[in-house]
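J.: mind folding the following:
(one chain, ligands or ions: 2)
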Amino acid sequence: MNEWLTIAMPKGRIFEEAVQLLRKAGFPIPPEFEESRKLIVDAPEANMRFILAKPMDVPTYVEHGVADIGVAGKDTMIEEERDVYEVLDLNISACYLAVAGLPEYEKSDVNPKVASKYPNLATQYFKQQGEQVEIIKLNGSIELAPLVGLADRIVDIVSTGQTLKENGLIELETIVPITSRLIVNPVSYRLKDTVIDDLVERVAQVIGVEEQV
Ligand SMILES: Nc1ncnc2c1ncn2[C@@H]1O[C@H](COP(=O)(O)OP(=O)(O)OP(=O)(O)O)[C@@H](O)[C@H]1O
Ligand SMILES: O=P(O)(O)OC[C@H]1O[C@H](OP(=O)(O)OP(=O)(O)O)[C@H](O)[C@@H]1O
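T.: Residues are numbered from 1 along each chain as shown. Ligands and ions are numbered 1, 2, ... in the order given. Okay, here's the model as predicted:
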């Protein structure tokens, strides 16, 4: 089995945790691998090429087939709705999405504004809640928006809760728990089914074993 797989993932915590999982699954990925600043890194002995993208772009690379598989946060999958198979919950890079605001926040009927890096997800969520809001798309530092009066509330990732705390914000509603998923391009799955099935099985076994410990 010597077919190469191209794997897209973000370069931060997901890369670190996913590479650990792959190593545990027996794929020989060199020890110094995580230190590189390159955007394309090869692990020839594992027949793997990694392409390192922005988190929100990972499902796009996989949908277009320039990566056979990817590791993407469920947050990006909900936001992007890309045409890819989600084959495994890797249970890494756990966090959750929440609505947050200032402690003195009170729901008002007049055109409430919500800032988020996840405009589609936020729109879906408030629609389900039967609340009409104006979504303001930002690209980062979302917690700033209510502090300066750009928005009344935010929809953002919470992990330790430190960012909310340090900026004097409180969580108002929990939306959904988030973990990273292994995603697959449908055409790659047909053409490289043996090698992809092998990878999925080996990683699933590692996760299974870890869960029992
Ligand atoms: N505290 C957190 N902040 C952001 N993302 C988190 C956090 N905890 C877990 N995640 C998950 O990790 C994903 C981001 O992946 P990662 O941190 O590897 O990307 P990155 O390339 O470092 O991101 P950035 O563009 O923010 O530098 C998110 O989509 C989410 O699913
Ligand atoms: O609950 P915590 O552990 O504090 O983590 C949550 C924070 O981390 C993320 O931001 P990130 O560091 O990715 O920067 P960004 O604001 O530029 O997106 C997220 O958007 C929150 O701001």
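
J.: in a strand, that's where residue 42 is, yeah?
T.: Yes. Counting by DSSP: H, G, I helix; E, B strand; the rest coil, residue 42 is found in a strand.

J.: excluding chain neighbours, what is closest to it?
T.: In space, and not counting its chain neighbours, residue 42 is closest to residue 49: 5.1 Å by CB to CB, 6 or more residues apart in numbering. Backbone N, C-alpha and C define where each C-beta goes, glycine included.

J.: number of nearby residues for that neighbour?
T.: 17 (other CB atoms under 10 Å).

J.: so what pLDDT did it get?
T.: pLDDT, residue 49: 97.

J.: so it, which of the three states?
T.: strand.

J.: beta partners of it?
T.: Judged by DSSP bridges, the bridge partners of residue 49 are residue 6, residue 42.

J.: what about the longest helix seen in the chain, average pLDDT?
T.: Once the chain is assigned using DSSP state H, the helix that runs over the most residues is helix 193-212. For helix 193-212, mean pLDDT is 87.

J.: what packs against that helix?
T.: Judged by 3 or more CB pairs under 8 Å, 6 or more residues apart in numbering; DSSP states H and E, helix 193-212 is in contact with strand 5-10, helix 13-24, strand 85-89, strand 180-184.

J.: before we move on, the earlier item: go ahead and confirm the residue nearest to residue 42 touches residue 4.
T.: Yes. Here residue 49 reaches residue 4: they are 6.2 Å apart, a contact under CB atoms under 8 Å.

J.: any idea which of the helices and strands packed on helix 193-212 is most buried?
T.: strand 180-184 (a mean of 25; mean count of other CB atoms under 10 Å).

J.: quick one: low-confidence ranges for this structure?
T.: 1, 109, 209-213 (pLDDT under 70).

J.: ligand 1 contacts on that one?
T.: 10-15, 54-55, 73, 75-76, 93, 95, 157, 159, 178 (CB under 6 Å from any ligand atom).

J.: can you rerun that using 8 Å?
T.: Residues of the chain lying close to ligand 1 by CB under 8 Å from any ligand atom are 9-16, 52-56, 72-76, 93-95, 140, 157-160, 163, 178-180.

J.: near ligand 2, which of the residues you listed show up?
T.: Restricting the residues of the chain next to ligand 1 to those near ligand 2 - CB under 8 Å from any ligand atom - leaves 12, 95, 140, 157, 158, 159, 160, 163.

J.: what's near enough to touch the fifth one?
T.: Residue 158 makes contact with 95, 96, 97, 98, 100, 164, 171, according to CB atoms under 8 Å, 6 or more residues apart in numbering.
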